[in-house]
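Visitor: the following comprises the amino acid sequence and a computationally predicted model.
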Amino acid sequence: MDKNVLSVKITEEKRDESTGVIYRKRIAICQNVVPEILRKVSILKVPNIQLEEESWLNPRERNMAIRSHCLTWTQYASMKEESVFRESMENPNWTEFIQRGRISITGAGFLNCILETFASTFLRQGAQKGIRIMEMLLKEQCGAPVAE
């Protein structure tokens with residue numbers, strides 16, 4: 001549901017029969033969103049970026065954990081993101097969303113700081129976009145009103 005995601009391929013999927021947990025591993029091909037000015041650096045001049053995502057959905061406990069990382073620039077950057085969706089302790093009709101991200105860039109000299117700042121901003125915007133998409137999906141599937 002994100003215009004920058006060009007394709008997604010499930011590479012592994014399995015269900016643990018004892019716990020009911022559904023595990024999925026996916027590879028997403030995304031459009032390179034690094035600003036053109038930064039793409040003057042040769043390592044950033046790629047049309048697409050590959051991300052690997054693993055998810056664990058536990059329907060019994062009503063929670064899902066997602067872990068993703070970038071596969072494209074592994075020798076120069078480490079970009080990891082972890083998200084958890086779970087039932088709220090305050091109200092079982094509410095969903096708590098917790099997200100953490102880590103960014104570390106090396107080998108780009110004076111651009112390290114600029115690239116880390118861009119990546120951090122991009123991940124924060126992605127989190128907000130993820131919340132909007134999840135709310136839209138919940139509204140479609142459950143018909144419940146979403147607080148604006």
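Guide: Nice, thanks for sending it over.
Visitor: isn't Arg86 up against Ile66?
Guide: No. Arg86 is beyond contact range of Ile66, at 11.8 Å (criterion: C-beta atoms under 8 Å). All C-beta atoms are positioned from the backbone trio N, CA, C, and that covers glycine.
Visitor: tell me the predicted confidence for the residue nearest to Ser7 when sequence neighbours are not counted.
Guide: Distances taken as C-beta to C-beta, 6 or more residues apart in numbering place Ile29 nearest to Ser7, at 4.7 Å, with adjacent residues excluded. At Ile29, the model reports a pLDDT of 92.
Visitor: do you know how far Ile29 is from Glu53?
Guide: Separation of Ile29 from Glu53 (C-beta to C-beta, to the nearest Å): 12 Å.
Visitor: re earlier: tally of neighbours for the residue nearest to Ser7?
Guide: The tally of other residues near Ile29 (other C-beta atoms under 10 Å) stands at 16.
Visitor: bridge partners for it, pull those for me.
Guide: Under DSSP bridges, the beta-bridge partners of Ile29 are Ser7, Gln50.
Visitor: mind jotting down where the helices sit in the protein?
Guide: 111-142 (DSSP state H).
Visitor: which parts of stretch 49-64 are buried?
Guide: By 16 or more other C-beta atoms under 10 Å, the buried positions in stretch 49-64 come out as Ile49, Leu51, Glu53, Glu54, Ser55, Trp56, Leu57, Asn63, Met64.
Visitor: most widely separated two among these?
Guide: Ile49 and Asn63 (28.2 Å; C-beta to C-beta).
Visitor: phi, psi for the closest residue to Val33 other than its chain neighbours please.
Guide: Nearest residue to Val33 in three dimensions, chain neighbours excluded: Asn4, at 5.8 Å (C-beta to C-beta, 6+ apart). When read as degrees, to the nearest 10, the backbone of Asn4 gives phi -80, psi -10.
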